[in-house]
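Chemist: Can you look at this prediction? I've put the sequence above it.
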Amino acid sequence: MRPRLPHVLLALLLAACASQPVPPDPVASFPSRTPEREALGPAVAELAAKAEALLRSQDELVWKYWTEGVPADLAKTYVGAEAWLTPESVARVARQRELTSDARERRALEHLHAYLAGEWMAQQLADVSDAIATLEQSLTFKVAGTERPYRNLESILATEKSALRRRQIYEAATPAVEKVSALVLRRGARAAELLPALNLDPAAWTAELREAKPEQLGALADAVLTRTQEAWTGALTRLAQRELQLPLDRIGRQDLPRLVRLPPTEGFKRAEVVSRIRATLGPLELDPATLKTVTLDAGDAPKKNPRGLVLGVVVPTDVRISLKPVGGARDQRSALHEFGHAVHDAFTEERRFELAKLGNRTNAEVFAALFESLTTEPAWLEQAGLSADASRTWIQGVSVQELFLVRRAAGKVLFNIAGAKPGADLRAAYRSTMDRAYALPGSAQDEARLTLDQEATLGAADYLRGWLLGAQLRAALVRKFGTRWWQEPGAGAFLKPLLAPGNGLDADGLARALGDSGVSPDAFVAAIVPRLTGTGPEGQSPAPKQPAPASPPPSPTSTAETPPAAAAAVAPASATVGQMTAPPDAGTAEATGTK
């Protein structure tokens with residue numbers, strides 16, 4: 001977990017070239033000097049300093065809450081901020097950006113602009129965001145006379161063995177979905193009304209936050225669905241028969257949490273989870289816990305939040321990692337993901353606040369995905385003591401879940417692009433895209449979840465590109481250092497120049513540093529399809545059915561960073577840590593979209 005802004009933190013509770021990588025060329029130009037730009041400079045610098053101080057104070061409160069259970073009232077940190085978190089401040093930064101020609105300086109201003117705009121919108125939407133948080137926390141639905149908490153719907157479906165019972169649970173939760181949807185729609189409408197006050201066009205705002213044009217993201221999402229359709233449909237067919245004893249045409253989306261849950265796996269003792277990661281990263285000289293600038297809390301305090309957390313309080317000079325290992329393969333995978341975030345923050349050479357802490361987080365997700373992917377490397381699993389059979393079972397289970405999550409993200413991107421077109425039929429767009437993504441025809445119950453998958457600024461694209469680019473980075477390492485790349489010290493030297501720019505480099509820039517033309521599905525497809533179809537060394541025959549209960553699929557906020565605050569203004573200014581809400585771009589559905 002990697003919170004960036006206070007309202008995102010609340011959501012977390014819910015849940016290559018043959019040689020060294022080539023860093024981006026330094027920009028030779030200097031900022032143009034005009035009287036207007038010179039006059040704006042001090043005011044913009046002061047805004048950046050205030051934003052940095054605000055985030056730092058919030059991170060300190062969150063750290064104490066997360067690791068010790070100390071109540072944290074984030075709303076108090078905004079006292080006085082209303083004087084500078086204003087449309088006028090956003091306009092000053094926007095104007096300074098227009099007057100700036102230097103690429104690095106302009107990028108810093110873009111990040112600051114997105115932060116200020118998103119935070120101002122969050123304040124205006126605080127009341128409805130609070131209402132959503134409260135409703136999601138308190139909502140229940142009744143099944144066979146028993147009240148069940150709405151917030152636990154995913155895990156309830158994942159552990160329910162009866163197909164009939166799953167359908168009943170899913171349908172019983174629909175009225176709760178509709179109540180949440182009504183508030184989400186209200187918030188979305190109000191957010192759209194706020195954009196003109198900031199002189200923001202919806203399409204331009206989306207491109208600013210995602211650092212890519214919607215049509216570019218749509219093309220990428222379409223390619224992912226097209227190139228993985230056959231493998232996904234085949235895997236889903238096999239799973240339905242093996243796990244549910246049903247043909248594909250007899251299952252529905254309510255069955256997906258059960259089908260894509262991770263299998264139980266031997267090994268990975270609690271005491272070894274962190275030490276195994278450090279033993280892996282040590283030879284690469286990328287173990288963040290060896291740095292004086294990094295705090296690692298892997299203790300078992302009774303009030304400590306069990307979810308992993310990485311806080312770049314001051315990137316890169318104060319990075320903090322909180323883990324509470326419980327053991328097991330899923331816990332090992334999640335801990336590797338968190339360490340990937342920490343590596344991204346701790347090993348950047350960027351010191352400027354706007355380029356180190358602010359900005360789009362796709363590249364941070366890339367490194368999280370890279371290290372998380374070690375749990376699908378047969379050689380790494382062998383090192384961890386897994387048998388060949390257990391390793392094969394685990395790899396296939398992870399591959400199914402990962403492909404599901406990637407396809408779901410791609411579907412959401414395509415749905416929201418189609419839905420944003422003038423005169424679009426939202427229901428038709430939802431049916432065509434999500435039916436394709438899931439490879440299952442939707443029902444009226446599924447369409448009731450439409451609102452929860454709406455993302456005005458395409459936040460799912462960050463996760464989509466993070467997974468794809470993580471696969472590109474892994475492929476580059478394998479090409480240069482072999483299938484046991486993590487055992488080669490040179491791999492660390494290869495990665496460090498890619499980490500150095502921090503958020504000063506966008507996702508396509510990182511891909512180009514690897515020798516690729518941009519973010520591409522090629523490496524992801526090349527790796528995952530053989531695992532699912534049995535055509536490669538990591539696929540082979542399907543694992544036998546496991547009788548023991550297994551882990552439900554993760555929500556986007558449990559194994560990956562929640563979309564940035566600027567992604568459309570979310571957060572309740574009056575909320576305290578401990579309430580639960582979800583940003584519009586994360587939706588309120590969990591990974592399988594069954595809420």
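Modeler: Received it, and whenever you're ready, just let me know what you need. Residues are numbered from 1 along each chain as shown.
Chemist: From now on I want contacts and neighbour counts done on CA atoms only, so please keep to that.
Modeler: Fine.
Chemist: is it true that Glu382 touches Ala388?
Modeler: Yes: with contact defined as Cα atoms under 8 Å, Glu382 counts as touching Ala388 (7.5 Å).
Chemist: now the strands for the stretch 51-200 of the chain?
Modeler: In the stretch 51-200 of the chain, the strands defined using DSSP state E, counting those that start in this stretch lie at 140-143, 146-149.
Chemist: wait, which of those strands is closest to Gln216?
Modeler: Closest approach to Gln216 among the strands of the stretch 51-200 of the chain is made by strand 146-149 (39.1 Å; Cα to Cα).
Chemist: strands paired with that closest one, and their directions?
Modeler: When sheet partners are counted by DSSP bridges, strand 146-149 sits next to strand 140-143 (antiparallel).
Chemist: Now the lengthiest helix in the chain: buried residues?
Modeler: For the chain, the longest helix by residue count, based on DSSP state H, is helix 35-68. Across helix 35-68, burial judged by 16 or more other Cα atoms under 10 Å covers 37, 40, 44, 47-48, 51-52, 55-56, 58-59, 61-63, 65-67.
Chemist: With stretch 422-437 instead?
Modeler: Buried, per 16+ other Cα under 10 Å, within stretch 422-437: 426, 429-437.
Chemist: can you map out the strands along the stretch 201-350 of the chain?
Modeler: Listed in chain order, the strands of the stretch 201-350 of the chain (DSSP E, counting those that start in this stretch) span 294-297, 309-314, 318-322.
Chemist: among the ones you listed, which is the most enclosed?
Modeler: strand 309-314 (a mean of 24; mean count of other Cα atoms under 10 Å).
Chemist: now it: how far from the chain's centre is it?
Modeler: Centroid separation for strand 309-314 versus its chain: 15 Å, with Cα atoms, centre = their mean, to the nearest Å.
Chemist: could you check the angle helix 35-68 makes with it?
Modeler: For strand 309-314 against helix 35-68, the angle by axes from the mean of the first three to the mean of the last three Cα atoms, to 10 degrees is 140 degrees.
Chemist: quick check: mean pLDDT across strand 309-314?
Modeler: Averaging pLDDT along strand 309-314 yields 98.
Chemist: Kindly check the end-to-end length of stretch 91-107 for me.
Modeler: With Cα to Cα, to the nearest Å as the measure, stretch 91-107 spans 16 Å from end to end.
Chemist: residues of it that come out buried?
Modeler: Using 16+ other Cα under 10 Å as the test for burial, stretch 91-107 gives 91-97, 99-100, 103-107.
Chemist: Please list the members of the residues you listed that lie in helices.
Modeler: Per DSSP H, the buried residues of stretch 91-107 map to helices at 91-97, 103-107.
Chemist: of these, closest to Ala212?
Modeler: Relative to Ala212, and with distances defined as Cα to Cα, the nearest of these is Arg107, at 13.3 Å.
Chemist: what sits against the closest one?
Modeler: Residues in contact with Arg107 (Cα atoms under 8 Å, 6 or more residues apart in numbering) are 355, 504.
Chemist: most packed of the strands of the stretch 51-200 of the chain?
Modeler: Per stretch, and counting mean count of other Cα under 10 Å, the top mean among the strands of the stretch 51-200 of the chain goes to strand 140-143, which has a mean of 17.
Chemist: chain center to that one, what's the gap?
Modeler: On Cα atoms, centre = their mean, the centre of strand 140-143 falls 29 Å from that of its chain.
Chemist: How about stretch 364-372?
Modeler: Chain-centre distance of stretch 364-372: 10 Å, with Cα atoms, centre = their mean.
Chemist: Rounded mean pLDDT for it, please.
Modeler: 98.
Chemist: which residues touch it?
Modeler: 333-334, 336-341, 343-345, 462-463, 465-471, 473-474, 560-561.
Chemist: in it, what counts as buried?
Modeler: For stretch 364-372, burial by neighbour count (16+ other Cα under 10 Å) applies to 364-372.
Chemist: For Ala203, which non-adjacent residue is spatially closest?
Modeler: Residue nearest to Ala203 in three dimensions, not counting chain neighbours: Pro214, with 7.6 Å by Cα to Cα, 6 or more residues apart in numbering.
Chemist: is it possible to export the strands of the stretch 51-200 of the chain to TSV including distance to Asn199 and mean pLDDT?
Modeler: Listed next are those as TSV, based on distance: least, Cα to Cα, whole Å; pLDDT from 0 to 100:
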stretch	distance to Asn199	mean pLDDT
strand 140-143	40	94
strand 146-149	41	94
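Chemist: Would you reformat those strands as CSV and include distance to Leu74?
Modeler: Shown next, in CSV, are those (distance: least, Cα to Cα, whole Å):
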stretch, distance to Leu74
strand 140-143, 27
strand 146-149, 26
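Chemist: looking at those, which is closest to Asp522?
Modeler: Once those are compared by Cα to Cα, strand 146-149 is nearest, at 40.7 Å.
Chemist: now could you export just the CA positions of the closest one as CSV?
Modeler: Extracted in CSV, the C-alpha atoms of strand 146-149 (Å, rounded to 0.1, in the frame of the first residue of the first chain):
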residue,chain,number,x,y,z
THR,A,146,-28.7,-13.1,8.3
GLU,A,147,-27.3,-9.6,8.0
ARG,A,148,-24.0,-9.4,6.2
PRO,A,149,-21.6,-6.4,6.0
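Chemist: any residues touching it, and which ones?
Modeler: By Cα under 8 Å, 6+ apart, strand 146-149 touches 138-142.
Chemist: Residue ranges in the stretch 401-550 of the chain under the pLDDT threshold?
Modeler: Across the stretch 401-550 of the chain, residues meeting the criterion (pLDDT under 70) sit at 534-550.
Chemist: Could you save the buried residues of stretch 364-372 as TSV and add columns showing distance to Arg187 and secondary structure?
Modeler: Listed next are those as TSV, based on distance: Cα to Cα, whole Å; DSSP: H, G, I helix; E, B strand; the rest coil:
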residue	distance to Arg187	secondary structure
Ala364	28	helix
Glu365	27	helix
Val366	31	helix
Phe367	33	helix
Ala368	31	helix
Ala369	32	helix
Leu370	35	helix
Phe371	36	helix
Glu372	34	helix
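Chemist: If anything else comes up later, I'll come back, but that's it for now.
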